[in-house]
Every structure is written in C-alpha cells, then in structure tokens.
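In: Let's see this in three dimensions:
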Amino acid sequence: MSRRERDRVGKQGGTGKQGGRGPASPVTVTVCRGCCCGTQEKHPGVDHTGQYERLRAAVGDAGRVRAVKCLDTCAHSNVVVVGPSSEGRAAGGRPVWLGWVLADDMIEEIAEWVHSGGPGLADPPGMLDLQQISVSRRVGEGLPG
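Out: Numbers count the residues shown, from 1 in each chain. Purely as a prediction, here's the structure:
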C-alpha cells in the first residue's frame, strides 16, 4: 500500500491498530545481499544463504525479513537495517544500521530484538549496540520502503 493510500485510509477511519490509520506495519529487517555483502569473495567461510534463512526462521511472524541488492555501505559489510514497526516509530524509533553482521549470535540477537519490539520499543540485546554504524543521509534516505 502506498503512503497516499495509507493516508486516505487513515482519513476514512480504517480498522487497524494505529488509531484508524490502517494495519500496523511490523519491524522490518533489511539484509544487504549485493556487491559486497553476502559474497564468498569478501567473507569466505560465512554461510550467507544459511544465515539469511536462519534469520527469516528466527524472526518468523514477529517481523518481516527481506533482502536487497545493495545498501551502498560496502565498507561495513555485511549490513543489516532494523526498521521500527509503526508502533516503534510512533515511540520515536528510527531505522538502526548494523555493520559486520557475520556471526550466528548476531543473527539470534537481531531476531530477539524483533521479538522484543525492535527500535523505539526495546534496546538492542547483547552486543548489537557495538555493531551500529552511521550512514550518510543520502544512503539512509535511499533505503527501499
């Protein structure tokens, strides 16, 4: 649903969880799998496909996991962006960019965070706060919606 459609539904009094604005959006986990992230050339020995599938399984219905071609932050690969749910955004949460997501314990911590509510509703568990990276405004605004 486009932003315009969501706004129209909200004005008409939808039935979702967000005060008549339509269905609430879940925590979104965006996994970079482009030119550097997710490649054996840059990170030999890492089971990138297996990590992605384990993340999807661990997040389950608590959020949405998707892969994109490139987030243009190759120096920090593998990059994952955890976006807040609509409830988390209303509470002040913003997308959190994580770099160097290479170990399975990080996959587990990301899934735990999603199950706890994600940005705006819960602090990142374990060592995830050490993986946070800053990106340029141009890159941050380019994240697919």
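In: Stretch 62-74: which residues count as buried?
Out: Ala62, Gly63, Arg64, Val65, Ala67, Cys70, Leu71, Thr73 (16 or more other CB atoms under 10 Å). Where C-beta positions appear, they are placed from N, C-alpha and C, glycine not excepted.
In: mean confidence score for that stretch?
Out: In this model, stretch 62-74 carries a mean pLDDT of 93.
In: go on, stretch 100-116?
Out: 95.
In: Residues in contact with that stretch: which ones?
Out: 27, 29, 43, 46, 51, 54-55, 58-59, 62-63, 76-80, 82, 98, 122, 124-128, 131 (CB atoms under 8 Å, 6 or more residues apart in numbering).
In: what's near enough to touch Lys42?
Out: Going by CB under 8 Å, 6+ apart, Lys42 touches Cys36, Ser77.
In: tell me the SS of it?
Out: Of the three states, Lys42 takes coil under DSSP: H, G, I helix; E, B strand; the rest coil.
In: per-residue confidence at it?
Out: Note for Lys42: predicted pLDDT of 87.
In: Could you report the distance from it to Arg56?
Out: 22 Å (CB to CB, to the nearest Å).
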